[in-house]
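Q: only geometry, no sequence info:
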């Protein structure tokens, strides 16, 4: 193998010598062979001697030379870009070990003189060969060689002052020959020698002689430079403070400029080193300090390598040379600037990050670093920020893993985007009049999402999903008491999360979201019977169980007619149990029936049982997350309103049944006297019953049933979460309280409380009860009149049978004025559930009791007419307000109540205009059923 390689080298050298040696005319063949043999020996000796190279092995410098040449020689940058791509591919090839030598050879070949110009250049050092051994060289060849040598010398001067600097280094220690010796050797080889004048001064020599010495010398500056780059003071370059470096004032301006450039990484390193050594900040901040510490250690590795080069260069300094010949060693201040350029950019970037991180923590700090990676155009900055994020995000992903797999928040420095509330915060929140207790505070207020701390590496929707996962796991563990499932899930599904693995992170979050939501909904639906409780609330508090409500009201009517202070809770509870056993409510689960209870509200003076009775459905944790205490009060509010409407319907129905059954007996006998009054009363009661029935239909079907259907659709979705359940139930409550209680969407602060729909309905219901009492008074009067007539007829028949006159003048006087005892005896049954003294009328008497016949019936007629007119007037105002509501269902309620246009809806003016026009509005006679606007309001 070695013989083959030697033969190939010999063949190559022979071909090279044949191409280089000129052919002499009329030369003897022996002389020619002799010259060829000597040249061949010279070439072999040069190869064997292994002379040190004339240039420094720097592959980046060689590539820069080629790239600059391509840019200079070609107007288009395409070739330079193509070379950059090829150069990147070359660096990745492990086969080639001398990449810089290959690149430099290609550059020298490209920069050599083309063939045919007559110039011959030789970059190889040649030993001295006696001219007598090589023979003579013709004149043409000598001039050609001289021209080449002169061009070589001129080229050296041009290279010395070119923008790219010297291509080659001067002679080093180790046997490399000088340019004069090489020229002499080549001249002896070609048979010519160029003589130089001893008085000739080169440009380099002239500059060297006239260059003043510098103090301190360059060698001292280079010796102190490694300490300065490490932030340490030295003899010539001391640090006056942490942010300032003192430079010698005796140095020339170019050296000062280079030292200024080298001072930047030194000062940046001192500031960064102080930041890394500080103990401030949280886990993410400490992770940032650790990442910056790794980068600073890499910077110190560069400084150590630079120090090694400087020491090697200082060992080669020749004190006899100008400035010690430091320029010939290959290590200068300018070269150090080039070597530290990329490191300076990194330090500058780290310093900028440190300045921006002073007021940030946690997710904000990650977002700041990620901003350099995602929104900066410099690839170096992007790659550097990505490298930092790999270290900085480790604490964040550790907290994220514990949150989505264990439901625990491990954030001692408040750096995560989930914030745990303190007990005093819950107290402040719960003091707003809408207090939430039990599991509600655990779910809604124990943890909050801090949007400012959400890092930009994740989206806001992704953060909300993560927040919901951890909150659900925490609620399952502590609210639902199912910590065993959480621990098993954590062991089975826990994975390591890290920055850059987006696919794994998204898959982990999706799996955790589905598993936790499914488990939570399963617990709420199956273990805690959430949907059964919602259905029970609808059946009992929203009067959905009709037979139970009718039986309960019938059983309680006699008790609730009494004053509230005479009622006892055990009596109400007994009637509630009787209503449950007598209706289909008995088939509900025992847990539902156990939560149903009857109680009384706070008592006030003069109230009766109807005013204080209410039903209560008890909700405990964790169901109170959905049905909050505030929601329970809303249910109670709707029940009280519906119970009052149901009471009015029950009272009107009882009165209707009474006088309809008496119409064929008692009332028919006195039709000549009160028949017209009863006809008017029946029509007005029918209007009231129609009003109450339409109101109940609207609330129970148009509002409650439609809202219930929407709630069922919302909670039956497969991707439904507990937050979705809470939101759907809140919308359901909002719909039934706003629309069911006829909430005024246009209500403003200037609208009085009496002008609301609910207040108007309460006044109308009071009028209905008062009218029912007046009708009962009319019925009592009719029964008394019927009794009086029956007594008169019996007395006449008795006296006639005795042969006396049937009636005397005294009897006629008594018959005209029936005694109060007679009326009470005849109408006691007609008073029903309401006392006659409960509704006074003008004059201070109760429905004419104690008055004569001439006063009693007119008083009743006046009372009935007044209440009927007031009812119509208030209904007209209510229908006028409903006609201009934005909600279509509320407008439809007004249409249904006035389907035959029997009422004339009145649209009220604004508050100010109503006050201005109050006195100018003419009154309408009450005999026609109309009232003034201001009286209706």
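A: Looks like it came in fine. Predicted, not measured: the structure shown is a model, and the values here were computed from it.
Q: so who does the residue nearest the centre of the chain touch?
A: Nearest to the geometric centre of the chain sits residue 460, at 3.4 Å (C-alpha atoms, centre = their mean). Residues near residue 460 by C-beta atoms under 8 Å, 6 or more residues apart in numbering: 451, 454. For every residue, glycine as well, the C-beta is placed using N, CA and C.
Q: Against residue 705, how distant is it?
A: From residue 460 across to residue 705, the span is 37 Å (C-beta to C-beta, to the nearest Å).
Q: Residue 284 now?
A: Distance, residue 284 to residue 705, using C-beta to C-beta: 53 Å.
Q: How about residue 548: what's its closest non-neighbour residue?
A: Sequence neighbours aside, residue 583 is the residue nearest to residue 548 in space, at 4.0 Å (criterion: C-beta to C-beta, 6 or more residues apart in numbering).
Q: scratch that, residue 476 is what I was asking about
A: Nearest non-adjacent residue to residue 476 (C-beta to C-beta, 6+ apart): residue 482, at 5.1 Å.
Q: burial of the one you found, as a residue count?
A: 18 (other C-beta atoms under 10 Å).
Q: Also the one 3 residues further on?
A: Burial measure for residue 485: 17 neighbouring residues, criterion other C-beta under 10 Å.
Q: Wait, a strand at it?
A: No. Going by DSSP: H, G, I helix; E, B strand; the rest coil, the assignment for residue 485 is helix, not a strand.
Q: these two touch, right, it and residue 473?
A: No. Contact criterion C-beta atoms under 8 Å: residue 485 and residue 473 do not qualify, at 9.4 Å.
Q: Please say which of residue 284 and residue 705 ends up with more neighbours.
A: Neighbours per residue, other C-beta under 10 Å: of residue 284 and residue 705, the larger number sits with residue 284, 27 against 14.
Q: average pLDDT across stretch 101-117?
A: What stretch 101-117 shows for mean pLDDT is 68.
Q: same deal with stretch 402-414?
A: pLDDT averaged over stretch 402-414 gives 90.
Q: check contacts around the residue lying closest to residue 722 once chain neighbours are set aside.
A: Excluding the flanking residues, the one nearest residue 722 by C-beta to C-beta, 6+ apart is residue 520, at 5.4 Å. Contact analysis of residue 520 by C-beta under 8 Å, 6+ apart lists 472, 475, 476, 480, 721, 722.
Q: What residues of the host helix or strand of the first one count as buried?
A: It stands for residue 472. Using DSSP states H and E, residue 472 maps to helix 460-474. Using 16 or more other C-beta atoms under 10 Å as the test for burial, helix 460-474 gives 463, 465, 466, 467, 468, 469, 470, 471, 472, 473, 474.
Q: Tell me the predicted confidence for the last one.
A: Right, residue 474. According to the prediction, residue 474 has pLDDT 90.
Q: could you point out where this structure is predicted with low confidence?
A: Along the chain, segments meeting pLDDT under 70 span 1-2, 49-57, 59, 111-212, 318-328, 422-441, 743-755, 806, 809-854, 909-937.
Q: sorry, back to before: determine the number of other residues adjacent to the residue nearest to residue 548.
A: 17.
Q: Surely it and residue 553 touch.
A: No. Using C-beta under 8 Å, residue 583 makes no contact with residue 553, being 11.7 Å away.
Q: For the stretch 151-300 of the chain, just list every one of the helices.
A: Counting by DSSP state H, counting those that start in this stretch, the stretch 151-300 of the chain has helices at residues 179-190, 203-210, 218-229, 253-277, 283-315.
Q: Return the residues in contact with the spatially closest residue to residue 103 that is not a sequence neighbour.
A: Spatially, and ignoring its direct neighbours in sequence, residue 103 is nearest to residue 62 (3.9 Å; C-beta to C-beta, 6+ apart). Counting by C-beta under 8 Å, 6+ apart, residue 62 makes contact with 100, 103, 104, 107.
Q: For residue 62, give its distance to residue 373.
A: For residue 62, the distance to residue 373 equals 32 Å [C-beta to C-beta].
Q: Ok, residue 593 next?
A: Distance, residue 593 to residue 373, by C-beta to C-beta: 63 Å.
Q: follow-up on the earlier one: so, if you compare the buried residues of helix 460-474, which one comes nearest to residue 83?
A: residue 463 (46.7 Å; C-beta to C-beta).
Q: My guess is that closest one contacts residue 404. True?
A: No. The criterion here is C-beta under 8 Å, and residue 463 misses it with residue 404 at 11.5 Å.
Q: Quick check on the most far-flung residue of the chain relative to its centre: phi, psi?
A: Computed with C-alpha atoms, centre = their mean, the residue of the chain farthest from its C-alpha average is residue 803, at 105.5 Å. Main-chain torsions, residue 803, degrees, to the nearest 10: phi 80, psi 20.
Q: repeat for residue 447
A: The phi/psi pair for residue 447 (degrees, to the nearest 10) reads phi -130, psi 140.
Q: ok, it touching residue 469?
A: No. Counting by C-beta under 8 Å, residue 447 does not reach residue 469; the two are 11.4 Å apart.
Q: Please list the outside residues in contact with stretch 570-586.
A: For stretch 570-586, using C-beta under 8 Å, 6+ apart, the contacting residues are 539-540, 545, 547-548, 551-552, 555-556, 559, 593, 596-600, 613, 615.
Q: Buried only: go through these for me.
A: Buried by 16+ other C-beta under 10 Å: 539-540, 545, 548, 551-552, 555-556, 559, 593, 596, 598, 600, 613, 615, out of these.
Q: what two of these are the furthest from one another?
A: 539 and 559 (23.0 Å).
Q: Check which element follows the host helix or strand of residue 555 along the chain.
A: Using DSSP H and E, residue 555 sits within helix 546-560. Per DSSP H and E, the first helix or strand lying C-terminal to helix 546-560 is helix 569-581.
Q: How far does that following helix sit from its chain's centre?
A: Put simply, helix 569-581 sits 52 Å off its chain's centre (C-alpha atoms, centre = their mean, to the nearest Å).
Q: Enumerate the helices of the stretch 551-700 of the chain by residue range, in sequence order.
A: Assigned by DSSP H, counting those that start in this stretch, the stretch 551-700 of the chain shows helices spanning 569-581, 590-595, 609-612, 629-662, 666-669, 671-697.
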